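A.B. asks: Could you look at this predicted model? Sequence included:
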Amino acid sequence: MPSSSPPYSLLPILLAGLLTRTLIAWLLPPGFDEAYYFLYTQHLDWSYFDHPVMVALTSGVGIWLTGLITPLTLRLGGLLLYTASTGLLYLTGRHLWGEKVGRLAAAIATVSPLFFLGFGTLASPDNGLICFWSAVMYGAALEFFPRGGQDRVAPSTYRPTYRIVIIGGLLGLACLSKYHGFVLGLGLVGFCLTSSCHRRALGSPWLGVSLLMFGLTLTPLVYWNAQHDWISFGFHLSTRFEGGETTGFSPLNVLWVWLAEVGFLFPTLGLPLWWVTVRSLGQLGVKQVGATPLVLWLGLPIAVGFTLLGGVTPIYPAWPAPGLWCLSLLLARSAARWPKQRVRRWLGGTGAFLGALLLFVLLHISLGTLQQQSQFALFGGVFSKDSDPTATLIDVVKLRRQIQKNPQVRAAIANADFLVTNEFWLSGYVDMATSPMTDAPVTAFTEDPRGHALWFNPEDWVGQQAVFISIADFDQTAIKAEYQSYFSQFELLDTVALVRSGAITETVYIYQSGQLTKSYPYPYP
């Protein structure tokens, strides 16, 4: 039977995970997407071009509470939400299969890089998604298996309750975090349809109230999209895949996607997770397996669906991750039967290796230990600036300090009516670096403007003063040729070098652009 004792054994796991993720969040510069999500916090709305509203709230809460714009404050909401998500995963495993399963599920969530980085460290829509996803999963466990997820549960014992209404509201919040939440809802329906005793939930009056609650929760998303010709749904269903490599379904690409999932989970976790999942799936119909079908229905559609989608078009590792999060409960349940010594070697060895690896990576990010020409380079360094993946991350705190040291650049930015970049994500970095110095809006003139096309109307800026900012990753001759016709002047004001341990990692080009002479044409209204 599931344990009802206080979860004291969970606290060290939660604390260790929070401290580790906080260290990473402090030292790691913001990624491209994170910088873009910062712009959400500066343009609060009911929803956004790319995602629903929750990512603006989770990314902004740390900034609003502290008044500071740093990578850590941008990620503070995600850090705290993941602690809650891990606790909910623990409670689900504990309720279904006992204290040990819950504790192991929390440990897996704390150790796996795909989970603790993608869900719990970096600012993203997944911060809110996985928290409310976990809440739905816990609510479903309580609703459909009130006595726990024992192998043999009498079919006649289930009666629908008020919890279905709560699940509907939580599911709506998951959808307000990321559109993956709709797939979770389909998984719940699939479970009820295929379970003879739980099918009665679909005919319960509670379901009608739940659907009403679900619809009311989605009001911000529906209202905003209705006002903008359903542009967000169109983007996710078609536009974002345009121009991708969609040459037909490739089983080899599916294999590569699956191997990437295993790698991001970490092989000592990813391989056994999929093995236990396949084995659990094969046991369906052979014997009554209690709550296992619920976990499979909540996890497999999203995990398998996006893995197969990878055979058609490139996908992000985070897309199938919520499904793998659910399926980790099955791995925890299987591991609970292993000898204690084996479990300690398995999780302890995985955690120790990953801890050492993360420390090494953080040292490189902070000191450039693998970068050629770095003062702290080991064995002369491995990566050149152009081949170092960490050099593409812009340290906004360093950029802000460099701008503040340059009176000419600082004055130009302070006097500008608006700032312009050539990429939607670059505008996020620029806004993070300059927000404390100016209230001028930062936009992007690009064929892929994302939210900029809805936040701003370039016609309103015609005749106003601008500063154009780009980086060395782009050919500056091509930048000048493409953009100078939109401005009364386009002269290089200065360059700002971002230096790590004596080696330049990025160069920022700042142009005095004069007045905007004509409106930049965005590809959508």
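C.D. replies: Yep, that arrived.
A.B. asks: Only the C-alpha atoms, please, for the lowest-mean-pLDDT helix or strand in the chain, written as CSV.
C.D. replies: Least confident helix or strand, the chain: helix 231-237 with a mean of 80, by mean pLDDT, DSSP states H and E. These are the backbone C-alpha positions of helix 231-237, laid out as CSV (Å, rounded to 0.1, in the frame of the first residue of the first chain):
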residue,chain,number,x,y,z
ILE,A,231,-1.8,33.2,-36.0
SER,A,232,-0.3,31.2,-33.2
PHE,A,233,-2.1,28.0,-34.1
GLY,A,234,-1.2,28.6,-37.8
PHE,A,235,2.5,29.0,-36.8
HIS,A,236,2.7,25.8,-34.8
LEU,A,237,0.7,23.7,-37.2
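A.B. asks: For this structure, which segments count as strands?
C.D. replies: 418-421, 442-444, 465-471, 491-500, 503-515 (DSSP state E).
A.B. asks: quick one: which of those is nearest Gly172?
C.D. replies: Of all the strands of the chain, strand 442-444 sits nearest to Gly172, with 31.6 Å by Cβ to Cβ. In this view, the C-beta of every residue, glycine as well, is placed from N, C-alpha and C.
A.B. asks: Run through the neighbouring helices and strands of the closest one.
C.D. replies: Strand 442-444 sits against strand 418-421, helix 424-434, helix 452-455, with contacts defined as 3 or more Cβ pairs under 8 Å, 6 or more residues apart in numbering; DSSP states H and E.
A.B. asks: Would you single out the least confident of these?
C.D. replies: Mean pLDDT is lowest for helix 452-455 out of those, coming in at a mean of 93.
A.B. asks: ok, residues contacting that helix?
C.D. replies: With contact meaning Cβ atoms under 8 Å, 6 or more residues apart in numbering, helix 452-455 is reached by 39, 43, 49, 228, 231, 424, 427, 441, 443-444, 446, 522-525.
A.B. asks: Could you tell me how far that helix lies from the centre of the chain?
C.D. replies: Using Cα atoms, centre = their mean, to the nearest Å, the mean C-alpha position of helix 452-455 is found 22 Å from that of the whole chain.
A.B. asks: Turn the helices and strands packed on strand 442-444 into a markdown table, including distance to Gly169 and mean neighbour count.
C.D. replies: Output for the helices and strands packed on strand 442-444, formatted as a markdown table (distance: least, Cβ to Cβ, whole Å; neighbours: other Cβ atoms under 10 Å):
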| stretch | distance to Gly169 | mean neighbour count |
| --- | --- | --- |
| strand 418-421 | 39 | 23 |
| helix 424-434 | 32 | 26 |
| helix 452-455 | 28 | 21 |
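A.B. asks: what about the ones you listed, which gets the closest to Ile403?
C.D. replies: Among these, the nearest to Ile403 by Cβ to Cβ is helix 424-434 (6.5 Å).
A.B. asks: And the contacts of that closest one?
C.D. replies: 30, 32-39, 42, 69, 74, 394, 396, 399-400, 403, 413, 419, 421, 440, 442-444, 446, 448-452, 469-471.
A.B. asks: what does stretch 14-22 give?
C.D. replies: For stretch 14-22, contacts defined as Cβ under 8 Å, 6+ apart pick out 72, 79, 82-83, 86-87, 106, 109-110, 116, 120-121, 355, 358.
A.B. asks: Of those residues, just say which sits nearest to Ala335.
C.D. replies: Using Cβ to Cβ, Ala106 is the member of those that lies nearest Ala335, at 12.2 Å.
A.B. asks: Just list the residues touching the residue nearest to the closest one when sequence neighbours are not counted, thanks.
C.D. replies: Nearest residue to Ala106, sequence neighbours excluded (Cβ to Cβ, 6 or more residues apart in numbering): Tyr90, at 4.2 Å. Tyr90 makes contact with Pro7, Leu10, Ile13, Gly102, Arg103, Ala105, Ala106, according to Cβ under 8 Å, 6+ apart.
A.B. asks: what comes up buried for the least confident helix or strand of the chain?
C.D. replies: Neighbour counts using 16 or more other Cβ atoms under 10 Å place Ile231, Ser232, Phe235 of helix 231-237 among the buried residues.
A.B. asks: Got the confidence number for Val289?
C.D. replies: Looking at Val289, its pLDDT is 66.
A.B. asks: how about Leu76, what does it touch?
C.D. replies: Leu76 sits in contact with Ala25, Val61, Gly62, Leu65, Thr66, where contact means Cβ under 8 Å, 6+ apart.
A.B. asks: Apologies, that question was intended for Ser328.
C.D. replies: Ser328 makes contact with Leu89, Ala105, Ile108, Ala109, Ser112, Phe115, Leu269, Leu273, according to Cβ under 8 Å, 6+ apart.
A.B. asks: and what of Gly234?
C.D. replies: Neighbours of Gly234 in contact, by Cβ under 8 Å, 6+ apart: none.
A.B. asks: Please identify the buried residues of stretch 192-209?
C.D. replies: For stretch 192-209, the neighbour count (16+ other Cβ under 10 Å) marks Cys192, Ser195, His198, Ala201, Trp206, Leu207 as buried.
A.B. asks: From one end of it to the other, what's the distance?
C.D. replies: Stretch 192-209 has an end-to-end distance of 17 Å (Cα to Cα, to the nearest Å).
A.B. asks: Backbone torsions only: list them for the closest residue to Arg500 other than its chain neighbours.
C.D. replies: Sequence neighbours aside, Gly368 is the residue nearest to Arg500 in space, at 4.5 Å (criterion: Cβ to Cβ, 6+ apart). For Gly368, the backbone dihedrals (degrees, to the nearest 10) come out as phi 70, psi 40.
A.B. asks: thinking again about what came up before, can you say which of the contacts of helix 424-434 are buried?
C.D. replies: Using 16+ other Cβ under 10 Å, the buried ones in the contacts of helix 424-434 are 30, 32-39, 42, 69, 74, 394, 396, 399-400, 403, 413, 419, 421, 440, 442-444, 446, 449-452, 469-471.
A.B. asks: what about Leu44, distance to His51?
C.D. replies: The spacing between Leu44 and His51, counted by Cβ to Cβ, to the nearest Å, is 14 Å.
A.B. asks: Name the residue in those two with the higher neighbour count.
C.D. replies: His51 (25 against 11; other Cβ atoms under 10 Å).
A.B. asks: which residues touch the closest residue in space to Val496 that isn't next to it in sequence?
C.D. replies: Among residues not flanking Val496 along the chain, Val508 sits closest, at 4.2 Å (Cβ to Cβ, 6+ apart). Val508 makes contact with Leu399, Gln402, Ile469, Ser470, Ile471, Ala472, Thr495, Val496, Ala497, Leu498, according to Cβ under 8 Å, 6+ apart.
A.B. asks: so the second one touches Val496, yeah?
C.D. replies: Yes - the pair formed by Gln402 and Val496 meets the contact definition of Cβ atoms under 8 Å, at 4.7 Å.
A.B. asks: Ser280: which of the contacts of Tyr90 is nearest?
C.D. replies: Among the contacts of Tyr90, Ala105 lies closest to Ser280 (Cβ to Cβ), at 14.7 Å.
A.B. asks: Count the neighbours of the closest one for me.
C.D. replies: The number of residues packed near Ala105 is 29, by other Cβ under 10 Å.
A.B. asks: didn't it look like it was pressed against Leu96?
C.D. replies: No - using Cβ under 8 Å, Ala105 is not in contact with Leu96; the gap is 9.8 Å.
A.B. asks: re the thing from before, ok, of the contacts of stretch 14-22, which come out buried?
C.D. replies: Among the contacts of stretch 14-22, the ones that count as buried by 16+ other Cβ under 10 Å are 72, 79, 82-83, 86-87, 106, 109-110, 116, 120-121, 358.
A.B. asks: Okay, and which of the residues you listed map to helices?
C.D. replies: Among those, the members found in helices (DSSP state H) are Leu72, Leu79, Tyr82, Thr83, Thr86, Gly87, Ala106, Ala109, Thr110, Phe116, Leu358.
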